[in-house]
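Chemist: Sequence plus the predicted model coming up.
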Amino acid sequence: MRKNIAVLASGSGTNAENIIRFFQEKSSACVALVLTNRQNAFVLERARGLGVPCLYFPKSDWESGETILSVLREHKIDFVVLAGFLARVPDHILHAYSNKMINIHPSLLPKFGGKGMYGDRVHEAVIAAGEKESGITIHYTNEHYDEGAIICQVKCPVLPEDTPEALAQRIHVLEYETYPKVIEKLIESPI
């Protein structure tokens, strides 16, 4: 039975598009829904262009979460993937998808995680701290930003001449190569 994935994203949606395209070729799962908390998020255009239903919900809906949980259930969502989603997921959605909701973070957690640490802010902090390596962390989502159980980490070097943009490019390559495969593995061999 093919599993339905929902992707939650707040920005341009490059990771979301990568995940959608990856699962278009798979029999194990498909991206059945994309949700965002930003009305002008480009992820909406990407999802529409790939034929995936997508919806925007305002901040008030994300605070209570009841409407969103109803939509997830309507679409028979089995697994939730955060891909650059910049809002806190309400507790009752977290509980409804316990061990079935994951996030990706652009550093080696627990370093450089937490509220407000996303995108270039993370890469700037990594470089400013003089770190020799960075990478990605894929983890389960819980009530605290970037504190869920770690599923996997993939490392890359931080080079002396790195700018946040250069480091971000290497991190994006790791995300695009790793995230869909980890999602697939989790869906095919659930806990």
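Modeler: All right, it came through fine.
Chemist: Buried residues, the helix or strand of the chain with the lowest mean pLDDT. List them.
Modeler: Using mean pLDDT, DSSP states H and E, helix 59-64 stands out as the lowest-scoring helix or strand of the chain, at a mean of 93. For helix 59-64, a neighbour-count test (16 or more other C-beta atoms under 10 Å) marks 61-62 as buried. (Glycine included, C-beta is placed from N, CA and C.)
Chemist: I'd like the next helix or strand past that helix.
Modeler: helix 66-74 (DSSP states H and E).
Chemist: What residues sit buried inside that following helix?
Modeler: 68-69, 71-72.
Chemist: For Lys111, state which of those is nearest.
Modeler: Distance to Lys111, by C-beta to C-beta, is smallest for Ile68 among the buried residues of helix 66-74, at 30.6 Å.
Chemist: Could you check how far that closest one is from Leu55?
Modeler: 9 Å (C-beta to C-beta, to the nearest Å).
Chemist: before we move on, back to that, run the chain-centre distance for the least confident helix or strand of the chain.
Modeler: 19 Å (C-alpha atoms, centre = their mean, to the nearest Å).
Chemist: With stretch 95-111 instead?
Modeler: Using C-alpha atoms, centre = their mean, the offset of stretch 95-111 from its chain centre is 8 Å.
Chemist: Give me the mean pLDDT for the longest helix along the chain.
Modeler: In the chain, taking DSSP state H as the definition, the longest helix is helix 164-188. Helix 164-188 shows a mean pLDDT of 97.
Chemist: Please point out which parts of that helix sit buried.
Modeler: Judged by neighbour count using 16+ other C-beta under 10 Å, the buried positions of helix 164-188 are 164, 167-168, 170-171, 174-176, 178-180, 182-184, 186-187.
Chemist: burial of Val81, as a residue count?
Modeler: 28 (other C-beta atoms under 10 Å).
Chemist: now it, which residues is it bridged with?
Modeler: Following DSSP bridges, Val81 is listed with bridge partners Val7, Ile102.
Chemist: still on that earlier bit, can you work out which other helices and strands pack against the longest helix of the chain?
Modeler: strand 3-8, helix 14-24, strand 29-36, strand 79-82, strand 101-105, helix 120-128, strand 133-140, strand 150-157 (3 or more C-beta pairs under 8 Å, 6 or more residues apart in numbering; DSSP states H and E).
Chemist: okay, and for the protein, where does confidence drop off?
Modeler: 190-191 (pLDDT under 70).
Chemist: number of nearby residues for Asn4?
Modeler: When neighbours are counted by other C-beta under 10 Å, Asn4 comes out with 18.
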